[in-house]
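Asker: Next comes the sequence, and after it the predicted model I'd like to discuss.
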Amino acid sequence: MPDRSGVRAGCSAWGRDGRHGVVVVLGFGLVVGCAYFLAARLGLALLSKAEGVAVFWPASGVAAGTLMVVGNRSRAWLALVILGATVAANLLGDRGILAAVSFGLCNAGEALLAAWLARRWSGWPFKFDRLRGLWGFFAAAALASAVSAAGAAFAMQQLHGVEASWLDIWRIWAAADAIGIVAIAPLVVGLYDLAGERSSRDETIEGVTALGLLAVTAVAVYTAPAGPWLWRVPPAMLFPFLLWIAARCRPVFAAAAAVIISGVLLGAAILHLGPFAVADIPIRSLQVTMLIASLCALTLSALFADRRRNEAALMESNERLRLALGGAQLGVWSADLATGALDCDERHCRINGHDPAAPPRTLAHARTFVHPDDLPQLDAAFAEARRTGAECQAEYRLLGGDGGGPAQVRWVAVEGSVVRDAAGRPVRLLGVTRDITGRKRAEEQKDLMLAELDHRVKNALAVVAALASRTQEAGGSVADFVAALDGRIKSMATAHELLSGRKWEGLPLRDLIERELEPHATGSNVRIDGPDVALCAEAGQALAMVVHELVTNAAKYGALAVETGCVSVRWADAPANGRGASLVLDWVERGGPAVTAGPRPGYGTSVIRDLVPYELGGTVDLKLAPDGVRCLLQIPARWLSAGDPPAHALNGAGAGHEKKADASPLPPGA
């Protein structure tokens with residue numbers, strides 16, 4: 001059978017959690033009931049003489065505010081609590097059970113309706129920091145109070161025996177409940193929000209201080225005798241404190257300010273202090289004063305809260321814009337089209353070479369930093385924008401160097417959009433600036449590379465044509481011609497591949513020799529030794545052809561043609577002599593067939609002997625000795641790549657050398 005211990009444990013845990021939840025709900029309901037009862041007793045302490053209706057009903061605000069923050073499941077339970085508290089408060093007065101129950105039903109229904117309308121019209125979770133939501137709350141309070149007052153006025157006449165007209169009872173009851181909701185409900189909601197999102201210590205201290213000063217001032221104003229001038233200007237005395245609280249604190253403090261003012265007014269009326277001591281103040285005046293104080297405090301708070309949100313959104317937007325401009329390395333500027341006044345940020349100053357501490361204030365001053373040849377184009381762009389209102393775009397060079405270093409060309413691009421006035425006339429240019437020196441240099445480099453590529457392609461085609469022509473002169477069969485031409489073209493391709501891998505910044509000598517000998521190397525018949533050396537592109541291509549011919553001859557007739565043969569290739573730098581430092585390469589063949597010189601040197605031999613002296617200004621010593629071929633090549637150090645020198649530095653090599661632009665790919669007469 002299945003194990004039910006886990007189920008029993010889960011049920012026990014659920015039972016414990018359920019009992020805990022019931023305790024919490026009951027405790028919360030008790031707190032709400034007590035608060036409502038005390039607020040109801042306070043309202044019953046100030047009744048109108050003719051109608052017997054409370055002038056101010058703070059209990060309605062306690063009920064509506066509580067139902068606005070609780071969930072849907074708790075509303076029915078709290079409505080019953082409100083009903084019971086209303087009945088208890090009325091029974092302690094002079095009202096009967098039927099009238100008390102009727103009033104309780106009206107008050108509970110009023111709270112439910114006000115909470116439902118506030119959520120529907122102002123959104124959820126409810127906040128008093130938005131003007132639209134605040135006015136929705138005011139409308140909900142007015143409608144719910146009017147509906148509740150209609151039933152309560154009927155109960156007052158039929159069950160409590162009040163002789164006043166139904167309209168007078170309804171008017172006072174509706175106003176009292178509406179003022180109670182408007183004054184008290186925001187404080188309940190604000191305290192609920194404050195419990196979940198605590199304010200900062202500084203804000204709390206400032207808010208409490210302002211509320212204390214407001215309370216002292218309100219007491220002084222509304223308890224002063226009717227004669228002193230202080231009594232005649234109460235709004236002027238209280239408004240600065242309301243403005244302070246609304247501008248500096250969150251809405252809960254403004255709600256508390258409204259409660260304080262209403263409480264002081266009620267206290268003065270109950271105790272007959274100040275203006276309430278000398279004459280009967282009309283009930284309507286008291287209600288209007290309390291309502292205006294609440295509306296003023298809450299409206300000011302919503303306006304300032306909305307302003308704070310807009311300021312925060314603006315700051316966030318400015319920060320995003322700053323980050324975007326920083327990431328794009330853009331400077332910002334603006335120019336007055338009428339006066340020529342210029343305003344720019346620090347990055348714009350740095351891009352244009354201005355001193356950020358003393359930036360140019362006019363377009364005329366900024367023009368002095370622009371290259372004279374680019375001023376007409378820049379002036380034309382600004383003039384066109386001023387005349388037609390079109391966007392202006394221009395690129396210009398700056399004068400002088402960068403940071404006190406050697407003078408160099410710096411390029412700047414400027415783009416501006418027209419800002420128009422109310423009549424549609426262009427009045428300002430607002431734009432961005434960016435440094436495009438890197439782009440301009442890249443474009444120049446691209447043009448140089450295209451020109452160089454064109455030159456290299458032409459040279460390569462000329463070399464291929466010369467190779468084909470000279471290979472054909474060697475005679476032999478078509479197969480021999482194709483094989484020889486194919487090998488020489490592949491040698492050119494190998495050199496090109498090595499140069500491309502290093503972005504044409506040098507050809508490693510070791511890689512070149514290993515590539516040429518690789519098809520014939522067996523592991524013991526080839527020895528390569530020398531420091532890491534890189535030749536420049538021209539020298540690398542020429543030496544590749546020479547090495548290819550040496551390898552081809554060795555494979556056909558020399559040491560690489562037999563198993564016992566061996567080829568040794570060594571190179572090193574030679575010290576400076578009367579002709580300057582150089583790189584020496586020694587090619588030695590041993591163990592191969594006896595070498596005999598033919599009656600007429602072939603094409604390969606001519607390339608070995610003549611190409612290096614003609615192309616590179618070096619020397620070649622080729623010996624066709626019977627025991628093996630030996631070739632000693634000497635290449636001037638100026639043909640070494642500056643990025644990868646030999647193991648021993650060749651000081652002063654290559655000074656004053658200039659490459660011939662269209663050197664012939666093969667020596668004459670080869």
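Answerer: That came in fine, so what should we check first?
Asker: my read is F126 is in a helix, agree?
Answerer: No - going by DSSP: H, G, I helix; E, B strand; the rest coil, the assignment for F126 is coil, not a helix.
Asker: Ignoring the adjacent residues along the chain, who's closest to it?
Answerer: Nearest non-adjacent residue to F126, counting by CB to CB, 6 or more residues apart in numbering: M68, 5.4 Å away. Heads up, the C-betas are built off the backbone N, CA and C, glycines and all.
Asker: Where does the one you found fall, secondary structure wise?
Answerer: helix 58-69 (DSSP states H and E).
Asker: Tell me how many other residues surround the residue nearest to F126.
Answerer: Per other CB atoms under 10 Å, the neighbour tally for M68 reads 26.
Asker: pretty sure it is touching A118, no?
Answerer: Yes - using CB atoms under 8 Å, M68 makes contact with A118 at a distance of 5.6 Å.
Asker: So for the two, which residues contact both of them?
Answerer: Counting by CB atoms under 8 Å, 6 or more residues apart in numbering, the common neighbours of M68 and A118 are F126.
Asker: related to what we said a few turns ago, distance of the residue nearest to F126 from A302?
Answerer: Going from M68 to A302 by CB to CB, to the nearest Å gives 16 Å.
Asker: cool, V87 as well?
Answerer: Applying CB to CB to V87 and A302 gives a distance of 36 Å.
Asker: which stretches of the stretch 551-670 of the chain form strands?
Answerer: Per DSSP state E, counting those that start in this stretch, the stretch 551-670 of the chain carries strands over the ranges 566-574, 582-590, 619-625, 628-636.
Asker: how many neighbours does D355 have?
Answerer: With other CB under 10 Å as criterion, D355 counts 9.
Asker: Nearest residue to it in space, please, no chain neighbours.
Answerer: Excluding the flanking residues, the one nearest D355 by CB to CB, 6+ apart is C349, at 6.8 Å.
Asker: Would you check how far apart that neighbour and T433 are?
Answerer: For C349, the distance to T433 equals 10 Å [CB to CB].
Asker: between the two, who's got more neighbours?
Answerer: T433 (23 against 19).
Asker: give the contact list for that one.
Answerer: T433 sits in contact with 330-333, 344, 347-348, 351-352, 412-415, where contact means CB under 8 Å, 6+ apart.
Asker: got it, and G104?
Answerer: G104 is in contact with 82-87, 90, counting by CB under 8 Å, 6+ apart.
Asker: Which one (most neighbours) among those?
Answerer: I82 (31 neighbours).
Asker: Look up how far L143 lies from that residue.
Answerer: Distance of I82 to L143, computed by CB to CB: 18 Å.
Asker: now do T437
Answerer: Taking CB to CB, one finds T437 at 69 Å from L143.
Asker: go on, K446?
Answerer: K446 sits 74 Å away from L143, going by CB to CB.
Asker: So for the two, which sits in the more crowded spot?
Answerer: With neighbours defined as other CB under 10 Å, K446 and L143 compare such that L143 has more, 17 against 10.
Asker: ok, how many other residues are close to the residue lying closest to the more buried one once chain neighbours are set aside?
Answerer: Spatial nearest neighbour of L143, excluding adjacent residues (CB to CB, 6+ apart): L117 at 6.3 Å. Close neighbours of L117, defined as other CB under 10 Å, add up to 19.
Asker: thought L117 was touching A144?
Answerer: Yes - counting by CB under 8 Å, L117 touches A144, with 6.4 Å between them.
Asker: Find residues that contact each of these two.
Answerer: Here L117 and A144 have no joint contacts, going by CB under 8 Å, 6+ apart.
Asker: now L167: how far from V546?
Answerer: Taking CB to CB as the measure, L167 falls 120 Å from V546.
Asker: between the two, which one's more packed in?
Answerer: Shown here are L167 and V546; by other CB under 10 Å, V546 has more neighbours (25 against 9).
Asker: Assign the more buried one to helix, strand or coil.
Answerer: helix.
Asker: again, but for E443
Answerer: The three-state label given to E443 by three-state DSSP is helix.
Asker: ok, now which ones touch it?
Answerer: No contacts exist for E443 under CB under 8 Å, 6+ apart.
Asker: Secondary structure element holding I528?
Answerer: In this structure, I528 is located in strand 526-529 according to DSSP H and E.
Asker: Partner strands of that strand, with direction?
Answerer: When pairing is defined by DSSP bridges, strand 526-529 lines up against strand 566-574 (parallel).
Asker: Direction-wise, compare the strand it pairs with with strand 628-636 and give the angle.
Answerer: 20 degrees (axes from the mean of the first three to the mean of the last three CA atoms, to 10 degrees).
Asker: Shouldn't P225 be within a helix?
Answerer: No - assigned with three-state DSSP, P225 falls outside any helix and is coil.
Asker: could you dump stretch 409-418 to CSV, C-alpha only?
Answerer: Taking C-alpha atoms only, stretch 409-418 is exported to CSV below (Å, rounded to 0.1, in the frame of the first residue of the first chain):
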residue,chain,number,x,y,z
VAL,A,409,46.4,65.9,-40.1
ARG,A,410,43.2,65.4,-38.0
TRP,A,411,39.8,65.0,-39.5
VAL,A,412,36.5,66.0,-37.9
ALA,A,413,33.0,65.4,-39.1
VAL,A,414,30.1,67.6,-38.0
GLU,A,415,26.4,67.0,-38.3
GLY,A,416,23.7,69.5,-37.2
SER,A,417,19.9,69.5,-37.1
VAL,A,418,17.8,72.7,-37.3
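Asker: any idea of the mean pLDDT for it?
Answerer: Averaged across stretch 409-418, the pLDDT comes to 88.
Asker: What of stretch 302-317?
Answerer: 87.
Asker: tell me which residues of it are tucked away?
Answerer: 302-305 (16 or more other CB atoms under 10 Å).
Asker: Can you pull out the low-pLDDT segments for the stretch 251-400 of the chain?
Answerer: Under the criterion pLDDT under 70, the flagged ranges of the stretch 251-400 of the chain are 278-283, 400.
Asker: Tell me, how many residues neighbour V620?
Answerer: Neighbours of V620 (other CB under 10 Å): 18.
Asker: And M449, by the same measure?
Answerer: The number of residues packed near M449 is 11, by other CB under 10 Å.
Asker: Next one: it from A442, what distance?
Answerer: Counting by CB to CB - M449 and A442 are separated by 10 Å.
Asker: How about L323?
Answerer: In terms of CB to CB, L323 sits 26 Å off from A442.
Asker: Next up, identify which helix or strand L430 is on.
Answerer: Judged by DSSP H and E, L430 forms part of strand 426-435.
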